[in-house]
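Student: Sequence and predicted model, in that order:
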Amino acid sequence: MTERPAPPVLASPRSERVRAARRLAGRSARSRAGAFLVEGPQAVREAVAGHAPGRPGAVRELFVTADGEARHPGIVAAAGAAGVPVRRCTDQVLAELADTRTPQGLVAVCDLVDVPLATAVEPPPRLVAVLVHVRDPGNAGTVLRAADAAGADAVVLTDSSVDVHNPKAVRATAGSLFHLDVVSGVPVADAVAALRDAGCAVLAADGGGDVAVDDLAGAAEAGTGSLTGPVAWLFGNEAWGLAAGDRALADAVVRVPVHGRAESLNLATAAAVCLYATARAHRPRR
């Protein structure tokens, strides 16, 4: 019985294949190629689990080191079984592709995940997070992860927000960007109009809101109020929140009360509070 030859190992960081993948760290290159980089076992695992040719986020190829394959053989095997090309490479090649100082041996090239706004509202969603002028990729990714955990159907990033395919944003989602519809690059007024047409109440989260999310949650416990139906939450910029014009688009402006001495909550924490209040209201009451 003859032994199968060992698969070739990609060893040159200067090869065209590696250089083409590395260029995806830039937004313009991602846009031209329709692809982005996904780093680390958790995110790559979710990308492979949801892989289907032609589907948003489909995996084009997987780069893996010997150590990465030894640590995560199930991911590599699943990628191969799904027909994803597996490129075994040296640590030097993976370091060229990775955005972190201590890469974990796996980097995938995936199709962009975003879908048209019309796709995200059909069928009508029950819970949506809309990021308005959110510029920090870590914050954007963390809110997306919180939205996924709360059971949201979609996340919309307006045309003034960060690219969700930014490497830091991708890492912050911990794979959640493969679990729900993601819409990018739409004006906030267009997003609000489409979501309202789909039956969503539109609530703006803002520290100066007229109503507290606690009061909405209390009303929901009694089976009334805006949280009991489909909801789209507007979350604003990390530093200045929502502009007056954006707040005016909402049906209500809601604050997360601060009961202690903290000056405020950061964006991701406030978003998680609002999203989970809605998720609880949507659960069947005992």
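Tutor: It's in. Residues are numbered from 1 along each chain as shown.
Student: can you give me the strands for the protein?
Tutor: Listed in chain order, the strands of the chain (DSSP state E) span 35-39, 59-64, 86-88, 106-111, 127-131, 154-158, 181-186, 201-205, 211-212, 231-235, 252-255.
Student: got the buried residues for the last one?
Tutor: Of the residues in strand 252-255, those with enough neighbours to count as buried (16 or more other CB atoms under 10 Å) are 253-255. C-betas here are computed from N, CA, C, even on glycine.
Student: quick one: which of the residues you listed is nearest to Cys200?
Tutor: Nearest to Cys200 among the buried residues of strand 252-255 is Val254, at 14.2 Å by CB to CB.
Student: any idea how far the closest one is from Leu275?
Tutor: Distance from Val254 to Leu275, counting by CB to CB, to the nearest Å: 12 Å.
Student: Next: Leu127.
Tutor: For Leu127 relative to Leu275 (CB to CB), the value is 7 Å.
Student: Can you tell me how far Arg88 is from Gly54?
Tutor: Distance from Arg88 to Gly54, by CB to CB: 26 Å.
Student: Those two: which is more packed in?
Tutor: Arg88 (19 against 6; other CB atoms under 10 Å).
Student: hey, what's Cys89 bridged with?
Tutor: Leu10 (DSSP bridges).
Student: Burial check on Ala194, number of neighbours?
Tutor: 20.
Student: re the thing from before, just put the buried residues of strand 252-255 in JSON lines and tack on pLDDT and distance to Gly208.
Tutor: JSON lines is the format used below for those (pLDDT from 0 to 100; distance: CB to CB, whole Å):
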{"residue": "Val253", "pLDDT": "97", "distance to Gly208": "7"}
{"residue": "Val254", "pLDDT": "97", "distance to Gly208": "10"}
{"residue": "Arg255", "pLDDT": "95", "distance to Gly208": "7"}
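Student: Just the closest of those to Ala217, please.
Tutor: Val254 (10.4 Å).
Student: The closest one: what's it in contact with?
Tutor: Residues near Val254 by CB atoms under 8 Å, 6 or more residues apart in numbering: 203-206, 209, 211-213, 216, 274.
Student: coming back round to it: between the buried residues of strand 252-255, which is nearest Ala169?
Tutor: Val254 (25.2 Å).
Student: Quick one: residues contacting Leu131.
Tutor: Contacts of Leu131 (CB under 8 Å, 6+ apart): 140, 143, 155-158, 161, 235.
Student: tell me, what residue is most central in this protein?
Tutor: Against the mean C-alpha coordinate of the chain, by CA atoms, centre = their mean, the closest residue is Leu177 at 3.5 Å.
Student: Ignoring the adjacent residues along the chain, who's closest to that one?
Tutor: Leaving aside its sequence neighbours, Leu177 sits nearest to Val113 (CB to CB, 6 or more residues apart in numbering; 5.3 Å).
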